[in-house]
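Student: output the structure for:
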Amino acid sequence: MRIIGLAGWSGSGKTTLLAKVIPRLVVRGLKVSTLKHAHHGFDVDQPGKDSHTHRMVGASEVLVSSANRWALVHELRGQPEPALGALLAKLSPVDLVLIEGYKAETHPKLEVYRAAVGKPLLHPDEPLPAARVPVVDLDDVERIVDILIRHAAPIQAVLVHAGHG
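Tutor: This next block holds a predicted model:
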């Protein structure tokens, strides 16, 4: 299992880019999963559903299963957010995990930058367009896919580097 991230400010186009990249990776024969960092108040469960009721009345975990999918919601209830390595360990094995967010973590990542957002580069020591790293137009999806595959790191190497291995 190899991992690589997409990092950038909100509104830079990370999710839009992933929606273009994932199908191209799948067509190339790769099994892909994603791990996305979200803001504090996100919810994947909806009021009125039994699973939401179970969680709201105190269940630590709620697992919902059907013939098409299963989902596990784990309520932290004041515990600290799990480290990226602990979350990666919960994923089933795949060829490539694409991480959206976690810009401060040490795994390899592609910075998604859009000047219109009005924020600085995450790595200002690599000024555009003369950066020492590859600079690719957001519309050059095939080249981005090539870069993601080429620079993805084995999960164990990333976990060891982060002190989780």
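Student: what helix or strand is the most centrally placed residue in the chain on?
Tutor: Taking Cα atoms, centre = their mean, the centroid of the chain lies closest to I99, which sits 2.2 Å from it. If you go by DSSP states H and E, I99 is part of strand 96-100.
Student: for that strand, name the packing helices and strands.
Tutor: Applying 3 or more Cβ pairs under 8 Å, 6 or more residues apart in numbering; DSSP states H and E, one finds that strand 96-100 makes contact with strand 2-7, helix 14-27, strand 32-36, helix 141-151. Where you see a C-beta, it was placed from the backbone N, CA and C, and this is true even at glycine.
Student: neighbouring strands - and their directions - for that strand?
Tutor: strand 2-7 (parallel), strand 32-36 (parallel) (DSSP bridges).
Student: could you pull up the mean pLDDT of the very next helix or strand once past the last one?
Tutor: Which is strand 32-36. Moving toward the C-terminus from strand 32-36, the next helix or strand (DSSP H and E) is helix 50-56. The average pLDDT within helix 50-56 is 86.
Student: okay, the helices and strands packed on strand 96-100 in TSV with mean neighbour count and distance to R114 next?
Tutor: Shown next, in TSV, are these (neighbours: other Cβ atoms under 10 Å; distance: least, Cβ to Cβ, whole Å):
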stretch	mean neighbour count	distance to R114
strand 2-7	23	13
helix 14-27	15	10
strand 32-36	16	18
helix 141-151	16	14
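Student: list the buried residues of the lowest-mean-pLDDT helix or strand in the chain.
Tutor: Ranking every helix and strand in the chain by mean pLDDT, DSSP states H and E puts helix 155-161 at the bottom, with a mean of 80. By neighbour count on 16 or more other Cβ atoms under 10 Å, the buried set for helix 155-161 is 155, 158-159.
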